[in-house]
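J.: quick one: sequence plus predicted model below, questions after.
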Amino acid sequence: MNIRLVLVGLALVLIGEGALAACNNLLDFSHRRLASSQEENLCQSYAGNVLVVVNTASRCGFTGQFSDLEALYQKYRDDGLVVLGFPSDDFNQELADEEDTAEVCYINYGVTFPMFATSGVRGDGANELFRALAEAQQAPRWNFTKYLIGRDGEVLDSFGSRVTPLDSELESAVARALER
């Protein structure tokens with residue numbers, strides 16, 4: 001028997017049907033990790049967690065928010081928060097080379113939360129997740145737009161670029177979502 005099939009089956013049992021249903025099709029797609037060939041199914045990996053999904057850019061005036069996003073992640077991750085970062089050049093502020101983007105995230109800002117490959121977040125070129133987020137709320141108007149998704153897979157709110165991750169309405173909303 002293929003060991004990969006056994007592991008997938010075991011993971012599905014451990015996750016449970018309720019967590020998979022929590023994807024509500026919002027997360028049910030795969031996306032490649034930043035500067036990697038590894039594909040990850042977002043539903044299988046993150047269903048049942050509270051998520052902050054953010055479109056990022058390495059050369060934006062808001063790029064410093066990586067530090068606060070990481071601090072938010074560290075503060076609440078044991079309670080079930082996951083931050084998911086999606087670099088995008090839709091606003092012409094992302095580096096062309098993913099290795100350079102990875103360096104900004106991982107080395108310059110010490111990001112440990114999941115970062116995914118550079119992709120579109122607006123319009124016809126948006127990745128599947130951001131198309132769904134635009135339907136539920138609105139498309140990002142700029143880099144570092146943050147979307148809060150509850151454990152049930154529903155989009156709870158969105159926060160613009162100027163809303164900082166810490167000591168803000170975003171952090172308050174995250175804390176409330178984690179209590180549910």
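T.: Good, I have the coordinates. Predicted, not measured: the structure shown is a model, and the values here were computed from it. Numbers count the residues shown, from 1 in each chain.

J.: please list all residues in contact with the residue nearest the centre of the chain.
T.: Nearest to the centroid of the C-alpha atoms of the chain, with distances taken as Cα atoms, centre = their mean, sits Leu84, at 2.0 Å. Counting by Cβ atoms under 8 Å, 6 or more residues apart in numbering, Leu84 touches 42, 46, 51-54, 113-114, 116. In short, each C-beta sits where N, CA and C put it, glycine included.

J.: so where does it fall, helix or strand?
T.: In the assignment (DSSP states H and E), Leu84 maps to strand 81-87.

J.: I'd like the average pLDDT over that strand.
T.: The pLDDT scores in strand 81-87 average 98.

J.: got the CA positions of that strand in PDB?
T.: Once side chains and other backbone atoms are set aside, the C-alpha atoms of strand 81-87 remain, and they are given as PDB (Å, rounded to 0.1, in the frame of the first residue of the first chain):
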ATOM      1  CA  LEU A  81      -4.300  31.600  14.700                       C
ATOM      2  CA  VAL A  82      -2.400  31.200  11.400                       C
ATOM      3  CA  VAL A  83      -1.200  34.200   9.300                       C
ATOM      4  CA  LEU A  84      -1.000  33.400   5.600                       C
ATOM      5  CA  GLY A  85       1.100  35.700   3.400                       C
ATOM      6  CA  PHE A  86       0.600  36.100  -0.300                       C
ATOM      7  CA  PRO A  87       3.200  38.300  -2.100                       C
END
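
J.: list the buried residues for the host helix or strand of Glu99?
T.: Secondary-structure element containing Glu99, defined by DSSP H and E: helix 98-102. Residues 98, 101-102 are the ones in helix 98-102 that count as buried (16 or more other Cβ atoms under 10 Å).
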